[in-house]
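Participant: Next come a sequence and a model predicted from it.
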Amino acid sequence: MSRYRPPQQPSAKYITPEGEHQLKQELHQLWKIERPLVTHSVSEAAALGDRSENAEYIYGKKRLREIDRRVRYLTKRLEEVTVVSNPPSDLSKIYFGATITLEDTEGNPHRYRLVGPDEIDPQRGYISIDSPMGHALLGKQVDSEIKITLLSGDRRYHVVKIDYL
């Protein structure tokens, strides 16, 4: 058995202004608040003596690595993303940032917003532009029908409404 994993498809480099704000807040929280607290607790744990059996020291160092890894990712990601704050010129089609109301075959309404991969939130109906549904929705207009193939089978939706907030 091999450990080889094929490279991931590059994700979309778009983000909404709200998404950028959330990433910046997370970066600030980690770098300015959490990291200094963890660093202080690690230095206190190190002063207690034997570090090889000191759980507070070991856990603190592990948490510092996790924080540093996330800070590096957020810093790099914020440099490479493009903030999309203006709606597209053609508001009749579905593009990044659109809020879409769909109707399934039973007539049940579903509301989604196309966002970047860093902003996915299923509870709020935020889906990635890179997802199968996101790809199927791009460029569609009101009264269009989309078909999405899932593991559980094919699903069909009808585009009812397109909004840009």
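Facilitator: The structure has been received and is ready for your questions. Residues are numbered from 1 along each chain as shown.
Participant: where do the strands sit along the chain?
Facilitator: Ranges of strands in the chain, per DSSP state E, are 14-15, 82-83, 98-104, 109-115, 126-128, 145-150, 153-164.
Participant: looking at the ones you listed, which has the lowest confidence?
Facilitator: Lowest mean pLDDT within the strands of the chain: strand 145-150, at a mean of 89.
Participant: which stretches of this protein form helices?
Facilitator: Ranges of helices within the chain are 17-28, 35-46, 55-80, 132-137, based on DSSP state H.
Participant: Quick check: which of those helices is nearest to Arg156?
Facilitator: With Cβ to Cβ, the closest approach to Arg156 among the helices of the chain belongs to helix 132-137: 10.3 Å. The C-beta positions use only the backbone N, C-alpha and C, and glycine is treated the same way.
Participant: winner for burial among the helices of the chain?
Facilitator: Highest mean neighbour count among those (mean count of other Cβ atoms under 10 Å): helix 132-137, with a mean of 18.
Participant: In contact with the residue nearest to the spatial centre of the chain, which residues?
Facilitator: The centroid of the chain falls nearest to Asp118 when counting by Cα atoms, centre = their mean (2.2 Å). Asp118 makes contact with 15, 19, 23, 77, 81 under the criterion Cβ atoms under 8 Å, 6 or more residues apart in numbering.
Participant: repeat that for 6 Å
Facilitator: If a contact means Cβ atoms under 6 Å, 6 or more residues apart in numbering, then Asp118 has Gly19 as its contacts.
Participant: Check Ile162 too.
Facilitator: Ile162 sits in contact with 94, 98, 100, where contact means Cβ under 6 Å, 6+ apart.
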